[in-house]
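Peer 1: coordinates only, no sequence provided:
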């Protein structure tokens, strides 16, 4: 039965690993394209394998949903990261992703500090002056929903697709045992995972069209 399920999975796929890698021809980094394509192939193969095994117990279907959402969220994340920080690295919308406002200590004039120290407060000696200043963060610390918003602003994705993709990433962060105990709508979970796959085509189309306009 195991070999039959594996054969079913291979035969029911649209193509081999090469086909799945080439699906991401809009990714100019060849090594990244290969890794994303392999993840896509793995996601499709494992989906077909589960289908071929015909295990319909709840635990098996939940495990499949977990894996599928995690895999497709990773594919979207890696692709959007490349489109922003490689293809559109110099765009103002991308540069703003690195910026954030933070309170920075600034020394106050002496006469103001003297008045503060004389306040009838136990913490008056801890009071300092501060102003908001723009600081820069690291690329690895930029939130995914902020990246998606920038992709929408740049025209890489339309707003509706952007919201859906951000939702897949958020769902990935909630997929753990405790979340399962609160989630009883298994049909919704399965539909959600399938949508994550089905949105790859409009994602590819929109990203490719955006790149063509920039060429």
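Peer 2: Now that the structure is in, tell me what you want to look at. On a predicted model such as this, the values are computed, not experimentally measured, just so you know. Numbers count the residues shown, from 1 in each chain.
Peer 1: domain map for the protein?
Peer 2: With domains defined by automatic domain parsing, the chain comprises 2-89+144-214, 99-136.
Peer 1: deepest-packed of the ones you listed, please.
Peer 2: Among these, domain 2-89+144-214 has the highest mean neighbour count (mean count of other CB atoms under 10 Å), at a mean of 16. All C-beta atoms are positioned from the backbone trio N, CA, C, and that covers glycine.
Peer 1: mind putting the domains of the chain in CSV, mean pLDDT included?
Peer 2: Converted to CSV, those look like this (pLDDT from 0 to 100):
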stretch, mean pLDDT
domain 2-89+144-214, 86
domain 99-136, 79
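Peer 1: and residue 104, helix, strand or coil?
Peer 2: strand (DSSP: H, G, I helix; E, B strand; the rest coil).
Peer 1: what bridges to it?
Peer 2: Per DSSP bridges, the residues bridged to residue 104 are residue 131.
Peer 1: so which residues of this protein form strands?
Peer 2: Secondary structure of the chain by DSSP state E: the strands cover 99-105, 130-136.
Peer 1: now those in JSON lines, with distance to residue 190?
Peer 2: Shown next, in JSON lines, are the strands of the chain (distance: least, CB to CB, whole Å):
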{"stretch": "strand 99-105", "distance to residue 190": "38"}
{"stretch": "strand 130-136", "distance to residue 190": "42"}
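Peer 1: figure out which of these is closest to residue 196.
Peer 2: strand 99-105 (29.7 Å; CB to CB).
Peer 1: how far is that closest one from where the chain is centred?
Peer 2: 26 Å (CA atoms, centre = their mean, to the nearest Å).
Peer 1: center of the chain - which residue?
Peer 2: With distances taken as CA atoms, centre = their mean, residue 77 lies nearest the centre of the chain, 3.7 Å away.
Peer 1: distance check, that residue against residue 202.
Peer 2: Using CB to CB, to the nearest Å, residue 77 is found at 17 Å from residue 202.
Peer 1: with residue 143 instead?
Peer 2: Residue 143 is 23 Å from residue 202, where distance means CB to CB.
Peer 1: same question, residue 113
Peer 2: Residue 113 sits 59 Å away from residue 202 when distances are taken as CB to CB.
Peer 1: need the contact list for residue 87.
Peer 2: Residue 87 sits next to 28, 211, 214 when contact means CB atoms under 8 Å, 6 or more residues apart in numbering.
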